[in-house]
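**Student:** everything below, folded, please.
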Amino acid sequence: MRKDATKPIERLHSSRARPAASLTADLLEAPTKRAPRSLAELNRTMAAAGPMVEGGTRAVLGEGPIGATLAFVGEQPGDQEDLQGRPFVGPAGQLLDRAMAQAGIDRSHAYVTNAVKHFKFQQRGKRRIHQKPTMGEVKRYRWWLFNELTFVQPHLVVALGATAAYALSGAPVVIGRSRGPAEFETFKGFITIHPSSLLRLRDRAERETAFNQFVRDLKSAQRLAGREN
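**Tutor:** All right, here's what the predicted structure looks like:
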């Protein structure tokens, strides 16, 4: 990894052990009067809160065990995730599953979730067209995301793509410069691509090269998480 790989994150989040009270103001604007006492309570509140993006029909909540070695955070649910009510079950999720398998990561032992909990889309005829969430929309969900991760307490949080990295770091992130180990508030982190970016590559050789690099990233994240035990 290059020396400057984590500088954009480290400048803003240099202390790994900061308490929750030091998080940014937008994170502390709790949408409920009382802090949730468990992940189940947080999820019930999230499901009842309603979407904060255009189109969203229901909250797609995270999946996985408490104390997972790795937690994977994506951008938002897609069409299939919204229909099935589960994270990473569509085409990008299938690629993530394949990469995790090649990296030796058992998905049932990992935690998977998204920065934005609802599918943002526009209806065009019978099709629901994915819309990228704005920075403001991502910020509205940060309270939910950090409470969720606080309950899960993963050893390391993997940001899948720039939106997830922004949600976790609180600052814009360029994947090409920041790919690799990072610090996310009170969590040890790792930044890599979102698997959906692989689906947009038309050249087969380019796609294979990018996929192999993604697998290497997941292996690196797993090793880093292991060293934190």
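
**Student:** gap between the closest residue in space to His130 that isn't next to it in sequence and Trp143?
**Tutor:** In this structure, His130 finds its nearest non-sequential neighbour in Phe121, 5.7 Å apart by CB to CB, 6 or more residues apart in numbering. C-betas here are computed from N, CA, C, even on glycine. Distance of Phe121 to Trp143, computed by CB to CB, to the nearest Å: 23 Å.

**Student:** Ser197 now?
**Tutor:** For Ser197, the distance to Trp143 - CB to CB - is 27 Å.

**Student:** C-terminal to whichever strand or helix holds Gly176, what's the next element?
**Tutor:** Using DSSP states H and E, Gly176 sits in helix 175-178. Later in the chain than helix 175-178, the nearest helix or strand by DSSP H and E is strand 180-184.

**Student:** pull up the pairing partners for that next one, direction included.
**Tutor:** When pairing is defined by DSSP bridges, strand 180-184 lines up against strand 187-192 (antiparallel).

**Student:** so how far is the partner strand off the chain centroid?
**Tutor:** Distance of strand 187-192 from the chain centroid (CA atoms, centre = their mean, to the nearest Å) equals 10 Å.

**Student:** need the next SSE after it, C-terminal direction.
**Tutor:** helix 196-199.

**Student:** gap between that next one and the chain center?
**Tutor:** How far helix 196-199 lies from its chain's middle: 15 Å, per CA atoms, centre = their mean.

**Student:** tell me the buried residues in that helix?
**Tutor:** Going by neighbour count (16 or more other CB atoms under 10 Å), the buried part of helix 196-199 is 196-198.

**Student:** and stretch 142-161, by the same measure?
**Tutor:** 142-152, 154-161.

**Student:** filter those residues down to just the ones in helices.
**Tutor:** Of those, the ones assigned to helices by DSSP state H are 142-152.

**Student:** tell me the bridge partners for the residue nearest the centre of the chain.
**Tutor:** Centroid check for the chain by CA atoms, centre = their mean gives Val73 as the closest residue, at 1.5 Å. Listed beta-bridge partners, Val73: Thr113, Ala159 (assigned using DSSP bridges).

**Student:** correct me if wrong: it contacts Tyr166.
**Tutor:** No: in this structure Val73 lies outside contact range of Tyr166 using CB atoms under 8 Å: 10.7 Å.

**Student:** can you check which residues contact both of the two?
**Tutor:** Ala115 (CB atoms under 8 Å, 6 or more residues apart in numbering).

**Student:** ok so, going back, buried residues, the helix holding Gly176. List them.
**Tutor:** 175, 178.

**Student:** quick one: average pLDDT of it?
**Tutor:** Mean pLDDT, computed over helix 175-178, is 94.

**Student:** can you tell me which helices and strands it packs against?
**Tutor:** When contacts are defined as 3 or more CB pairs under 8 Å, 6 or more residues apart in numbering; DSSP states H and E, helix 175-178 sits against helix 7-10, helix 162-169, strand 187-192.

**Student:** relative to Arg44, which of these is closest?
**Tutor:** helix 162-169 (21.6 Å; CB to CB).

**Student:** between that closest one and strand 180-184, how big is the angle?
**Tutor:** 40 degrees (axes from the mean of the first three to the mean of the last three CA atoms, to 10 degrees).
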